[in-house]
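# sequence unknown, structure follows:
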């Protein structure tokens, strides 16, 4: 019995005298676990924003030239947002009172005149459908003219603020509004997120090479049919990403049409002076046909 007691005492003393893991090592372990969790929880929007650290992505966007096309009609609007601020946009109002709305979401440059011109083009071509067109500003009035400025705005864009702006815009449209969305690049990613936020009011979603939502639990709630326009030559929202998105939509029985053009990222961006005219025209034709069916 005495031998057992002595053995236990020695064992306890030996254990308590063992050196603990160095503080730096312990903190490093915690940090690694945190990084792991952060990576698992990283949203599609955050993943897209992180591309601003990629020089290739930054340089894939040609600097926008001064917009020479005239914007006729349209007006600046403001609306309240739940975070206590104001949201803003540029509205082309339907000739007759209508609850049909197309939400246009800008590229990483911001709501510049190129986007307003594109919004007007949609408005003019949807006039016989009596559709209101709103170009939403997710940058709160900031517009970039250099890649560095655009990267900063996109990288620092707060998802919660953008959601508040979109939800404020939906409240401005009213609970009976039928809402379709379209956007390019940064705006393409937010086009899908906007349709998710619009819930049952969403009738159509057009994505131009924006990062798709990868969380199938979120995609389950998508009410809108999707038209996805992508660029098969690009390295970021690449064929693997697009194929997985299409497979997820199919698995969830969400109506969709996915079209990949043999082009680079931003081939149809309104602000891109070297856009592919042929592919951009074809993509626009597809978009217009899609929207006319929805409205």
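Right, received. Where do you want to start? None of these values were measured; they are calculated from a predicted model. Residues are numbered from 1 along each chain as shown.
# now the helices for the stretch 1-150 of the chain?
2-16, 23-41, 44-49, 55-59, 113-125, 147-156 (DSSP state H, counting those that start in this stretch).
# swap that for the stretch 151-295 of the chain, please
Listed in chain order, the helices of the stretch 151-295 of the chain (DSSP H, counting those that start in this stretch) span residues 159-173, 186-198, 216-219, 239-251, 277-294.
# Would you mind saying which of those lies nearest residue 85?
When those are ranked by distance to residue 85, counting by CB to CB, first place goes to helix 159-173 at 7.5 Å. Quick note: C-beta positions are derived from backbone N, CA and C, even for glycine.
# who does the closest one touch, helix- and strand-wise?
For helix 159-173, the packing partners by 3 or more CB pairs under 8 Å, 6 or more residues apart in numbering; DSSP states H and E come out as strand 75-80, strand 86-92, strand 100-105, strand 132-136, helix 186-198.
# Out of these, which gets nearest to residue 153?
Counting by CB to CB, residue 153 lies closest to helix 186-198 out of the helices and strands packed on helix 159-173; the figure is 8.8 Å.
# which secondary structure elements does that closest one contact?
Looks like helix 186-198 contacts helix 44-49, strand 100-105, helix 159-173, strand 178-184, strand 202-208 (3+ CB pairs under 8 Å, 6+ apart).
# Need the residues that contact that helix.
44-45, 48, 103-108, 138, 154, 157, 162-163, 166-167, 170, 179, 181-183, 202, 204-213, 218-219, 221-224, 226 (CB atoms under 8 Å, 6 or more residues apart in numbering).
# Break the protein down into its domains, please.
Described in terms of automatic domain parsing, the domain architecture of the chain consists of the residue ranges 1-41, 44-294.
# Least reliable of the helices of the stretch 1-150 of the chain by average pLDDT, please.
Note on those: lowest mean pLDDT is at helix 23-41, with a mean of 36.
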